[in-house]
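**Student:** my questions concern the predicted model and sequence given below.
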Amino acid sequence: MTQKPKKESKRELTETEPLSDEKFFESLDRVNRIMQGSTDIERTMSDVLDVVLSIFGCDRTFLAVPCDPDEPEFNIPMERTSPAYPGAFEKESTVPMSPAVKNLFKVLLSSPGPHEIYIGKGLDPEDEVWKIYEVKSQLAIALYPKVGKPWEFGMHQCSHARVWTPQEKKLFQEISRRFADGLTSLLLYRDLQKSEAFLNKIVEHIPNMIFVKDAESLSYVRLNKAGEQLLGYSREELIGKKNRDIFPKEKADIFTAQDREVFKTGALVDIPEETITNRNHEERILHTQKIPIPDETGKPGYLLGIAEDITARKRTEEELKIQKQRFQALSESSPMGMAVIDANSSLTFKYMNPKFKELFGCDITEVPDIASWLIRVYPDPARRRKAQSIWADMLNAVTPGITRSYVKKLGGKTGAHRSIKVVPVQLQADEILLTCWDITKNKEAVRRIRERNLVLGVLNDIMASVSRSLELSEILEPLRIVLVEKLKISAGGIFFSREGDSKIKSEQSWGVPALLQKDFDAIALRCPHDGQVLYKNDIVLVRNNPNGAETEEGAKLKGAGLRSWLCISLCAKGEMQGMIFLADRKSDTFSDDQIAVYKTLGQQVGVAIQNARLFEEVRRSDVERKALSLRLVRAQEDELRFLARELHDEIGQLLTGLRLAIEMAMQSAAEPIASLGEAKSIAHTLTGLVRELSRKLRPSMLDDLGLFPTLRWLFERVSTQTNIQVVFEHTQSDTRRFSHDVETAVYRIAQEALTNVARHARVNRATVRLWSNEKTIGIQIEDQGVGFDFANVSRYGNTNGLNVMRERVVLLGGRFTVEAAPDAGARLTAELPLEMEVEQL
Amino acid sequence: MKTITIVLADDHHIVRQGFKSLLAGQPDFSVVAEAGDGLEAVKVTARLKPDILVVDLMMPNLSGLEVTRQVGKVSPRTRVILLSMYSDEPYVIEALQNGACGYVLKEANISDLVKAISEVAAGRHYLSYPLSELAIAAYKEKTTGVSLDLYNTLTTREREVLQLVAEGNTNAAIAAKLFISERTVESHRASMMQKLSITSRGDLIAYALKRGLCRK
């Protein structure tokens, strides 16, 4: 289409007026022709809108649907426009409802004919609807096709506020009427097409084969996809073919006879199962239904066949049958009891295999459900009541896919107990398969193994604790734990005689009943004299005598619920040193087959106690020896201190007095007396000797001034008296004082060590290090001299005072370290605790 | 010349008498009181406040050193001369530190004490021959000693263990490296930490880093 300027269209518009009768009918005719010419609704609408656009010379023709003011939106299925005013809407565009349109729709639906508006008459050019599409005049009418909602059919003039002439309105109304009729049939046709397509789709996609045969020739006229797949022929290949063309002759004849039958009876023929072999030589089992379809005249025209492929289902059924047979065979010969229970509330038996019947001596006829079965397997009513709820819980807990096994102890007071392992399995369709077998013998074996393990464990524990410690108290506690926790002995006590006391006393006891609280020990100690002696050697085992007369003690124990007892007497050198007394609620705890454990246990404990005793003795004597040594060292040092003081103070002072007296005498004498001068000289020498002797014994300044001034003095003395230079390294202040023992030890070690250096090291230099903190004091004497082989020195007993030093340090609870090697110097380190932990005697 | 008042304290009667009669011969000396033990010496001195207290270093109840200290408080103007049988420097040092002005050896000539009293009364210090303040200073200088580096007190094993712990080894690893038992390692480690006054592994590593025993 060529673009025309707006002016021209205006001119053209004026030329068409007035509308002649000739043009009126010609226009109607054009519309009629379009309507009849096509079944395509799209094309028809487009053509009509084009014709109307040209007839009226307007700027836009359009359709809107639904013309319903109550809808939230409407659709513009078609629109044509003049070139000057190109399309306002997208094709098939949806427009939301606006108040102006809503109002317009109301007016249109209530108007019998076309409705016009233009600027100056009901059209507000500022209204959004008109403004956007530049509408200055509109003529519209509601169309009522017989299908669906009303439509709006309208024309727009955008070039000017056109006033529509009566003829124009009449022509528009006439065109509209035809358009409405045409739309009706077009819409109907469209719907029909749609539903036919839908039906075809269903037929095509239905999983069953659908075929149609012509009644006359019985040749195929139609086949769906499922049919193509089933038969192995495409529809193009099959259509026109007959039974004989695709099936073997015999089969085909049978089918043909069936087909004829359908027409003969005029009713549905149902073939529940038939087997065909298709083009691919696959055997297929079908369930087929055939129905006669009459033609227009009422005579049967077609045969409709519907066939379902039941091959898979049939196979499954077969399989199931085989499975069932298998189960039957299996269960009938199974060495395990098997029963199927209806899992519904009734819990009835559906099946029992021969073994199940044999296991429980019952039959499905006499024992129809679990309840009656429980009566049979739990003869004791009290146990049964308990069992009932347990069984109910167990069966309720059965879930598909989860297999759990249970062990049930069946039997009662009269019958022997049996342990049955039960595995309930949830089957389909609310069935439970119960598989059971008798494991009484296994259980018994397991129990024996467990017992043996327990015994081994007990002995192991005892051995471990015995070898771990030599302390009596540390052996008794694990022993008690083993008896209580492992062997689970209800009550008992451990009795011992302590050192220096021949009487046996209770060390430990447990589980003593309140009734016996007071005289439990007395009863226990009486027991070994009344019972049955089982073993008498390194230990003695005595058990309550089941056949003997009831003793007073036995009666008392029984009264407190302790039905059996055992005494393990521990002897050493023919003397009873202790006893383990055990009492238990069960009567068979100390039966003959159990006694070996207690015997071994007793022997172990006996040995352990012997060891502990020996160790105790050794330790005691060691402690005593140490204490004695310490006392000796102290006494020695005290003696030295006393002697030193005595020499120095008493004798020294006396000598001083003597000297004073001599001097006085010399002063008062008229002339010098030679003997007095000699006496004075002797007194002076004596004073010096006494002082030196005193110093050597023990320098009094160690007590008077403390360790540090004394050490400094010692080092200075060593430096001046020998050729050894002592280097003193320390962290101290001089004022700190320590205990007599510590100060003496440190001083003596320093003295001894430096003496050794001077005598043996062949050096002229030694370093003494001294340090202390809150807990310890340390001294170290190091020289770079010839050193020595400490091992050799020790071996030959010439320890150069090292042993004396070590002894001093060890007695005060300290550490003494010697690091020495030939030609590599020597280093002695002594560390002493400031607070000595006094070892208890 | 003013008379010098003197209190004489010695637990040995015979010695005390000897000195007393010796001093009585001096014209400007006056022995105003005697004491037989340390406590009595302090009491008498506090009461009489003499110019000079002559006191024996070794006395029952309270030693001469302690008497010297206390007299400094109860009678500050009294000057103390210690009589002693010890010529050992630590005693002299202790005496001077406690405030004594004179230190006279009992073995010296009797005239020595007279000389000491005169010197001390005149406000000077007096030490019997061969003692001298110079010699005491020299002794102090000689015996001062040097500051101890605690690391030097560690035994060879302890040093090895310190090094290996600082390098991040476990006791088990150290035991394997040194071919000793784990318990021995534990013992060395405890001893080493005790010597160095270290209580935690963190402090130990800090110490090792500071000493350059291991690298970060």
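**Tutor:** Received it, and whenever you're ready, just let me know what you need.

**Student:** CA atoms for contacts and neighbours, from now on please.
**Tutor:** Fine.

**Student:** count of neighbours near residue A:424?
**Tutor:** Taking other C-alpha atoms under 10 Å in any protein chain shown as the neighbour definition, residue A:424 ends up with a count of 25.

**Student:** spell out which parts of chain B neighbour chain A.
**Tutor:** Applying the criterion C-alpha under 8 Å from any C-alpha of the partner chain, the portion of chain B that neighbours chain A consists of B:12, B:14-15, B:18-19, B:22, B:58, B:85, B:88-91, B:94, B:106-107, B:110, B:142-150, B:153, B:155, B:197.

**Student:** state the pLDDT value of residue 127.
**Tutor:** Here I'm looking at chain A. Per-residue pLDDT puts residue A:127 at 82.

**Student:** my question was about chain B, not that one.
**Tutor:** Residue B:127 is assigned a pLDDT of 92 by the prediction.

**Student:** circling back: and the residues of chain B next to chain A, which are buried?
**Tutor:** Burial by neighbour count, judged by 16 or more other C-alpha atoms under 10 Å in any protein chain shown, picks out B:12, B:14-15, B:18-19, B:22, B:58, B:85, B:89-91, B:106-107, B:110, B:143, B:145, B:148, B:150, B:153, B:155, B:197 from these.

**Student:** count the residues that sit near residue A:239.
**Tutor:** By other C-alpha under 10 Å, the residues close to residue A:239 number 17.

**Student:** how about residue B:180?
**Tutor:** Residue crowding around residue B:180 was assessed by other C-alpha under 10 Å; the count is 12.

**Student:** can you tell me the SS state at it?
**Tutor:** coil (DSSP: H, G, I helix; E, B strand; the rest coil).

**Student:** ok, it - contacts?
**Tutor:** Neighbour list for residue B:180: empty [criterion: C-alpha atoms under 8 Å, 6 or more residues apart in numbering or on different chains].

**Student:** what ranges do the helices span in chain B?
**Tutor:** Using DSSP state H, the helices assigned to chain B run over residues B:13-24, B:38-48, B:64-74, B:89-97, B:110-121, B:133-143, B:156-166, B:171-178, B:182-196, B:201-211.

**Student:** need those in a markdown table (columns: mean pLDDT).
**Tutor:** Formatted as a markdown table, the entries for the helices of chain B read as follows, by pLDDT from 0 to 100:
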| stretch | mean pLDDT |
| --- | --- |
| helix B:13-24 | 84 |
| helix B:38-48 | 93 |
| helix B:64-74 | 92 |
| helix B:89-97 | 91 |
| helix B:110-121 | 89 |
| helix B:133-143 | 86 |
| helix B:156-166 | 90 |
| helix B:171-178 | 89 |
| helix B:182-196 | 89 |
| helix B:201-211 | 88 |
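
**Student:** tell me the most buried of those helices?
**Tutor:** Per residue and on average, the most neighbours among these fall to helix B:64-74, with a mean of 21 (mean count of other C-alpha atoms under 10 Å in any protein chain shown).

**Student:** tell me what angle it forms with helix B:89-97.
**Tutor:** Between the axes of helix B:64-74 and helix B:89-97, defined by axes from the mean of the first three to the mean of the last three C-alpha atoms, to 10 degrees, the angle is 10 degrees.

**Student:** SS state for the residue in the stretch 101-250 of chain A positioned nearest to chain B?
**Tutor:** At 76.6 Å from chain B, residue A:207 is the closest residue in the stretch 101-250 of chain A, using C-alpha to the nearest C-alpha. The three-state label given to residue A:207 by three-state DSSP is coil.

**Student:** for the residue nearest to it when sequence neighbours are not counted, grab phi and psi.
**Tutor:** In space, residue A:207 comes closest to residue A:226 once its chain neighbours are excluded; the distance is 5.6 Å by C-alpha to C-alpha, 6 or more residues apart in numbering or on different chains. Torsion angles at residue A:226 (phi, psi; degrees, to the nearest 10) stand at phi -60, psi -40.

**Student:** list the contacts for residue A:226?
**Tutor:** By C-alpha under 8 Å, 6+ apart, the residues touching residue A:226 are A:204, A:205, A:206, A:207, A:208, A:209, A:210.

**Student:** where's the closest residue to the fifth one other than its chain neighbours, which helix or strand?
**Tutor:** When you say that, I think you mean residue A:208. Taking C-alpha to C-alpha, 6+ apart as the measure, residue A:208 lies nearest to residue A:308, with 4.9 Å between them; neighbours along the chain are not counted. When secondary structure is defined using DSSP states H and E, the element that contains residue A:308 is strand A:300-309.

**Student:** other residues contacting that strand?
**Tutor:** With contact meaning C-alpha under 8 Å, 6+ apart, strand A:300-309 is reached by A:207-216, A:218, A:230, A:259, A:262-263, A:266, A:284-295.
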